[in-house]
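# here is the input, now give the coordinates:
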Amino acid sequence: MSHAEAHDHHHGPEPGFMRWLKTTNHKDLGALYLMFSLAMFIVGGLMSLVIRAELFTPGMQFVDPQFFNSMTTMHALFMIFGGVMPAFTGLSNYLIPIQLGAPDMALPRINNMGFWILPIAFGMLLSTLFMEGGAPAGGWTLYPPLSMQTGDAMPFLVFSIHLMGISSITGAINVIVTILNLRAPGMDLMKMPLFCWTWLITAFLLIAVMPVLAGAVTMLLTDKYFGTTFFAAAGGGDPVMFQHIFWFFGHPEVYIMILPAFGVVSQIIPTFARKTLFGYSSMVYATAAIALASVIVWAHHMFAVGLPVAAELFFMFAAKMISVPTGVKVFNWVATMWRGSMTFETPMLFSLGFVILFTIGGFSGLMLAMTPVDFQYHDSYFVVAHFHYVLVPGAVFSLFAAVYYWLPKWTGTMYNEKLGKLHFWLSTIFINVLFFPQHFLGLAGMPRRIPDYSLQFAEFNFMSSVGAFAFFITQFIFLYNLITTCRGKWEKATDQVWEGAKGVEWEMLPSPLPYHTFEQQPDLSDYEPHPTH
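Predicted coordinates:
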C-alpha cells in the first residue's frame, strides 16, 4: 500500500472535488475519462451542427467562411482527441485491471496526471475561438501553408496537441505495463479477453506515432515563429514533406481509434450469441497484422500529390492488404453468431450495427485505396462519407455498445431497455440519412471543407443536414437513460447481468463446445424433444 493509499485508508476519502482531483483509483479515473469524453462529444457535435447548418442550403447564411473552416478543424480535433480516444482510454482504465485480475493500473499517479492534462489541453484549444485572428482554420490535418495563416491561435493549438499527446502516451505506457506485469496467476496472454489484446496493440501504436505528430506540429511552430523553412519552398523546404510526416502519424491514428472498438464487439457478440468467440487466436493475430500494416500505408492519403508510380503502386497494394485481416475479423464475428442462441438487447444491437455499417465504411475505403480512381475521389465528400462511416457507426457505436453492456455492472442498476432500443434504431436511421448521401455528393464532385456549393448538390446536402440535427437530438435519449441509470431509477441489476437473457431458458440450451468449428455444432435440424411421460 502506497503512502497516499495508507493516508486514505486511515482518514477515509476526501470530500467532493478533491477526491476526484487526487484519485489514483482506476475506476474513478475510468469514470472521469468517460464523463470528459461525453462532454467533448457534445461540444464537437455542436460544432458539426454549425457545419451542417451552413450547408443546409446553398448561399452564405449563418457563419463567415473563416469561422466555417475553424469549425471543420475544431470539430475533428475535439471528436478525435477529446471524444473517441479518451472514451477508449476510460474503458481501458475501468476494465483492464478487472479483466486481468489486477489490483489497479500499474502506474496510478501517472494515470491521474494523464487524465488531468486533458481538460487543460481542451480548455486551451477552446480558448482559441476568442483570439485575434480566430481559431485554427487549416483543417484538422494542419497542412502548411494554410495552417500558417492562423493568428495568435497557432501556439495554443500546437501546445494543446502536445498535451493531448503526452496524455495519450502516459495512458498507453500504463496499459502496456499493467498487461505485461499485473496479470493474475494463470492469466496467460493468449487467455486474455480480446479487449485487453486490442488495447495492448493500440498502446504500442500510440507510443510509436504520437511523437511523430509532436514533431510535425513543432516544425510548423518553428516555421512560423523561428525562421526555419521545413515546409516553405522559398527556403528549400517542402510542404509535401509535412503530409508525409503527418500521415505517418495519421494513418495509425485511425486504427488507434478502431482497434479497441474491435475488442469491445468481440466481447459483446459472444455473450448474446451464447457461444465462445470463433477463432480467438486468429483475432489476436489479425489485430496485430492491422496494426503493423497501418504503419506502411500512410501515403494512400497522398495519391494526388505527384508520387512516383512505383510509390503509388506500393501504397495502393499495402492499403488493400489491410482489408484481409479486417475481413478475418468480420468473418469471425459472423461465425460467432452463426447458429448461436442470439438475443437482441441494446448492446448486441449496437454491435450488429457496428459490424454492418463499419463494413460499408471498409468497402468505400477499398475504393479510396485504388490509386487511379482516388484522383477522382480525393478531397471530395466521398472521403468524408467513408471515414465517418468508420468512425461514427464504427468507433462511436462500439462505445454505446460498451456503455450499455457494462453500465449495469458499473452502477448496479439496469438501464431502460426500451429507451436503449429506441436510441439504437433512431441513431441507425439518422446516421445513414446523415452520411449516405455524402457518397453521392462526393462522386458528383463536391469538394470537402467548403462553406458554399453549386446548386446541383442542394438536395443531398439538405438530407444530410436534416440527418445531422436528428442524430444529435437522438443522443439526448441516451443521455437521459445514462443519467437515470446512474441515479438508480430503473430496476436493480442481477449478479449475472446478461446470463439467460430475457425469454431464453439458459439451462435448456445445448451447452456450447469450447472451441467452435462448424462441424462441432450439435445438429438441431431434426431434433426431437423427449416424449412427455
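
# C-alpha coordinates for stretch 172-187, CSV please?
C-alpha atoms of stretch 172-187 as CSV (Å, rounded to 0.1, in the frame of the first residue of the first chain):
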residue,chain,number,x,y,z
ALA,A,172,-0.5,3.8,-23.4
ILE,A,173,2.5,3.1,-21.2
ASN,A,174,0.2,2.4,-18.3
VAL,A,175,-1.8,-0.2,-20.3
ILE,A,176,1.4,-2.0,-21.5
VAL,A,177,3.0,-2.2,-18.1
THR,A,178,-0.3,-3.3,-16.5
ILE,A,179,-0.9,-6.0,-19.1
LEU,A,180,2.6,-7.3,-19.1
ASN,A,181,3.2,-7.2,-15.3
LEU,A,182,0.0,-7.3,-13.4
ARG,A,183,-1.9,-10.3,-14.8
ALA,A,184,-3.3,-12.7,-12.2
PRO,A,185,-1.5,-16.1,-11.9
GLY,A,186,-2.7,-18.3,-14.8
MET,A,187,-3.8,-15.5,-17.0
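
# pLDDT of it, averaged?
Mean per-residue pLDDT for stretch 172-187: 95.

# quick one: distance of it to the chain centre.
On the basis of C-alpha atoms, centre = their mean, to the nearest Å, stretch 172-187 sits 23 Å off its chain's mean C-alpha point.

# what are the buried residues along it?
A172, I173, N174, V175, I176, T178, I179, L182, R183, M187 (16 or more other C-beta atoms under 10 Å). The way it works is simple: take the backbone N, C-alpha and C, and place the C-beta from them, glycine included.

# over to stretch 40-47?
Buried, per 16+ other C-beta under 10 Å, within stretch 40-47: M40, F41, I42, V43, G44, G45, M47.

# may I have it exported as CSV, CA atoms only?
Coordinates of each C-alpha in stretch 40-47 appear next as CSV, following Å, rounded to 0.1, in the frame of the first residue of the first chain:
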residue,chain,number,x,y,z
MET,A,40,-16.3,16.7,-25.6
PHE,A,41,-18.7,14.7,-27.9
ILE,A,42,-21.4,17.2,-27.1
VAL,A,43,-19.0,20.2,-27.9
GLY,A,44,-17.8,18.5,-31.1
GLY,A,45,-21.3,17.6,-32.0
LEU,A,46,-22.4,21.3,-31.7
MET,A,47,-19.5,22.3,-34.0
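
# and which of the buried residues of stretch 172-187 is nearest K224?
When the buried residues of stretch 172-187 are ranked by distance to K224 (C-beta to C-beta), A172 comes first, at 29.3 Å.

# where do the helices sit along the stretch 301-450 of the chain?
For the stretch 301-450 of the chain, helices defined by DSSP state H, counting those that start in this stretch occupy the ranges 309-321, 323-337, 346-368, 371-377, 381-390, 397-411, 417-443.

# ok, back up a step: quick one: which of the buried residues of stretch 172-187 sit in helices?
Under the assignment DSSP state H, those contribute A172, I173, N174, V175, I176, T178, I179 to helices.

# just say helix, strand or coil for the residue nearest to the fourth one when sequence neighbours are not counted.
Ranked by C-beta to C-beta, 6 or more residues apart in numbering and with sequence neighbours excluded, the top spatial neighbour of V175 is A203, at 4.3 Å. When the structure is split into helix, strand and coil by DSSP: H, G, I helix; E, B strand; the rest coil, A203 lands in helix.

# tally of neighbours for A203?
Neighbour count of A203, defined by other C-beta atoms under 10 Å: 26.

# could you do D152 as well?
The number of residues packed around D152, counting by other C-beta under 10 Å, is 11.

# thought it was touching G134?
No: here D152 does not reach G134: they are 9.3 Å apart, not a contact under C-beta atoms under 8 Å.

# what touches both of the two?
Listed as contacting both D152 and G134 by C-beta atoms under 8 Å, 6 or more residues apart in numbering are T128.

# could you dump the ones in helices among the buried residues of stretch 172-187 into TSV with distance to A311 added?
Formatted as TSV, those follow (distance: C-beta to C-beta, whole Å):
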residue	distance to A311
A172	30
I173	34
N174	37
V175	34
I176	33
T178	39
I179	36
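
# could you list every residue that touches A286?
By C-beta under 8 Å, 6+ apart, the contact set of A286 is P325, T326, V328, K329, N332.

# which one is it nearest to, not counting chain neighbours?
Of all residues not flanking A286 in the chain, P325 sits nearest, at 3.8 Å (C-beta to C-beta, 6+ apart).

# and A232, by the same measure?
D223 (6.2 Å).

# picking that back up, for the residue nearest to A286, give its distance to S380.
28 Å (C-beta to C-beta, to the nearest Å).

# and M105, by the same measure?
For M105, the distance to S380 - C-beta to C-beta - is 43 Å.

# neighbour count for those two, which is higher?
Neighbour count, other C-beta under 10 Å: between M105 and S380, M105 has more, with 26 against 19.

# surely the more buried one is within a helix?
No: M105 is assigned coil when assessed by three-state DSSP, not a helix.

# who touches it in this structure?
By C-beta under 8 Å, 6+ apart, M105 lies in contact with H26, L29, N93, I96, P97, N111, N174, V175, T178.

# what about 7 Å?
The contact partners of M105, by C-beta atoms under 7 Å, 6 or more residues apart in numbering, come to H26, N93, P97, N111, N174, T178.

# same deal with M113?
T170.

# where does the protein dip in pLDDT?
1-14, 499-533 (pLDDT under 70).

# restrict the contacts of A286 to the buried ones and give me that as a ChimeraX selection.
Buried residues among these (16+ other C-beta under 10 Å), as a ChimeraX selection:
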select :325,326,328,329,332
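
# the contacts of A286 into TSV, with extra columns for distance to G82?
Compiled in TSV, those are given as follows (distance: C-beta to C-beta, whole Å):
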residue	distance to G82
P325	29
T326	26
V328	32
K329	27
N332	32
